[in-house]
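Participant: pasting the sequence and the predicted coordinates here, then a few questions.
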Protein chains: 2
Amino acid sequence: MKIPDSARQLIESGAHAHLVTLNADGSPQVTVVWAGVDGDEVVTAHLMESQKIKNVRRDARVALTFESPTQSAMGLTEYLVMYGRARLVPGGAPALLQRLARIYLGPDVKFPPMDQPPPGNVMHITVERIAGVGPWTGRAV
Amino acid sequence: MKIPDSARQLIESGAHAHLVTLNADGSPQVTVVWAGVDGDEVVTAHLMESQKIKNVRRDARVALTFESPTQSAMGLTEYLVMYGRARLVPGGAPALLQRLARIYLGPDVKFPPMDQPPPGNVMHITVERIAGVGPWTGRAV
């Protein structure tokens, strides 16, 4: 599906992504990562073959949540949930990390800090359903 | 397991809990909720028989993540991940929501706002494993 403008703005503002993948035994695995938007996909960068990378190779189903700095009319913190499917594209992780580091850490930072980072993988997440509390759901709370 | 003091402090500071449960088809479901600590369990309050309540009746495995306001030595945002099992205790949701509302909304708020809220359920989560980035993991990043 198309990513609503309000969701795109929240992600690109530097909100952190709580990325849920599924372990081999079906239990949830979660890490907090940097995320960007590329067309209508959410993208995350991974230098290493971490557990979440192994998980999405086996089961592509993922969820992403982002807290918003704004409150709903009831005073509740707004948040964005995205359900989707991940595919891994080899390479390109250092360049995406550098692009995201400017948002998450600061305009002048060099990241990753090492001189020859491994190419890693970029995770591309196609969004199938959006939930949470905020303008991206189309429901008032 | 015992909840480390640093994790307890983060939760009781009013950090929001990203609560992951598992749908019948094994896919992840996530909502952002208020959370408290009761002994060595994390507790959340639920007035309604929502999807997450139905989910934990079927599969008790849950994950909780909390963002911290502090940064690691590398400048990365610290966060707490808790993996555990949920059990539901009927009733008591309005009283727990009122206790948590004082932390999440303000000391004088009445919550839930309605006069006769349903008794709901309190979710008690026993913690089996802790991860993330921060003093609660015992690893430096």
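Facilitator: On my side now, so go ahead.
Participant: tally up the residues packed near residue A:17, please.
Facilitator: Per other CB atoms under 10 Å in any protein chain shown, the neighbour tally for residue A:17 reads 22. Just so you know, the C-beta spots here come from the backbone N, C-alpha and C atoms, and that holds for glycine as well.
Participant: pLDDT wise, what is it at?
Facilitator: Note for residue A:17: predicted pLDDT of 98.
Participant: show me what contacts residue A:86?
Facilitator: A:21, A:56, A:60, A:62, A:123, A:124, A:125 (CB atoms under 8 Å, 6 or more residues apart in numbering or on different chains).
Participant: so which of these is the closest to residue B:88?
Facilitator: residue A:21 (25.7 Å; CB to CB).
Participant: grab the most central residue of chain A for me.
Facilitator: residue A:35 (3.9 Å; CA atoms, centre = their mean).
Participant: give me the distance between that residue and chain B.
Facilitator: 13 Å (CB to the nearest CB, to the nearest Å).
Participant: distance of the closest residue to that residue other than its chain neighbours from chain B?
Facilitator: Leaving out its chain neighbours, the residue that sits closest to residue A:35 by CB to CB, 6 or more residues apart in numbering or on different chains is residue A:17, at 3.9 Å. Here residue A:17 is placed at a distance of 10 Å from chain B (CB to the nearest CB).
Participant: same thing with residue A:61?
Facilitator: In terms of CB to the nearest CB, residue A:61 sits 5 Å off from chain B.
Participant: skipping adjacent residues, who's closest to that residue in space?
Facilitator: residue B:27 (4.9 Å).
Participant: residues contacting that neighbour?
Facilitator: A:22, A:61, A:63, A:83 are the contacts of residue B:27 under CB under 8 Å, 6+ apart.
Participant: what's the answer for residue A:48, then?
Facilitator: Neighbours of residue A:48 in contact, by CB under 8 Å, 6+ apart: A:118, A:120.
Participant: circling back to that earlier point, you'd agree the residue nearest to residue A:35 is up against residue A:63?
Facilitator: No: the pair residue A:17 / residue A:63 is not scored as a contact, 9.9 Å apart, by CB atoms under 8 Å.
Participant: so which residues of chain A form helices?
Facilitator: Under the criterion DSSP state H, chain A carries helices at the ranges A:5-12, A:51-58, A:93-104.
Participant: quick one, which of the ones you listed is nearest to chain B?
Facilitator: Chain B lies closest, by CB to the nearest CB, to one member of the helices of chain A: helix A:93-104, at 7.9 Å.
Participant: any idea of the mean pLDDT for the closest one?
Facilitator: Per-residue scores along helix A:93-104 average to 97.
Participant: tilt between that helix and helix A:5-12?
Facilitator: 100 degrees (axes from the mean of the first three to the mean of the last three CA atoms, to 10 degrees).
Participant: list the buried residues for helix A:93-104?
Facilitator: By 16 or more other CB atoms under 10 Å in any protein chain shown, the buried positions in helix A:93-104 come out as A:93, A:94, A:96, A:97, A:100, A:101, A:103, A:104.
Participant: can you tell me the closest non-neighbouring residue to the second one?
Facilitator: With CB to CB, 6+ apart as the criterion, residue A:94 has its nearest non-adjacent residue at 4.4 Å, and that residue is residue A:117.
Participant: got the contact list for that neighbour?
Facilitator: A:47, A:93, A:94, A:97.
Participant: ok, so of these, who is nearest residue A:138?
Facilitator: When the contacts of residue A:117 are compared against residue A:138 (criterion: CB to CB), the nearest one is residue A:97, at 33.0 Å.
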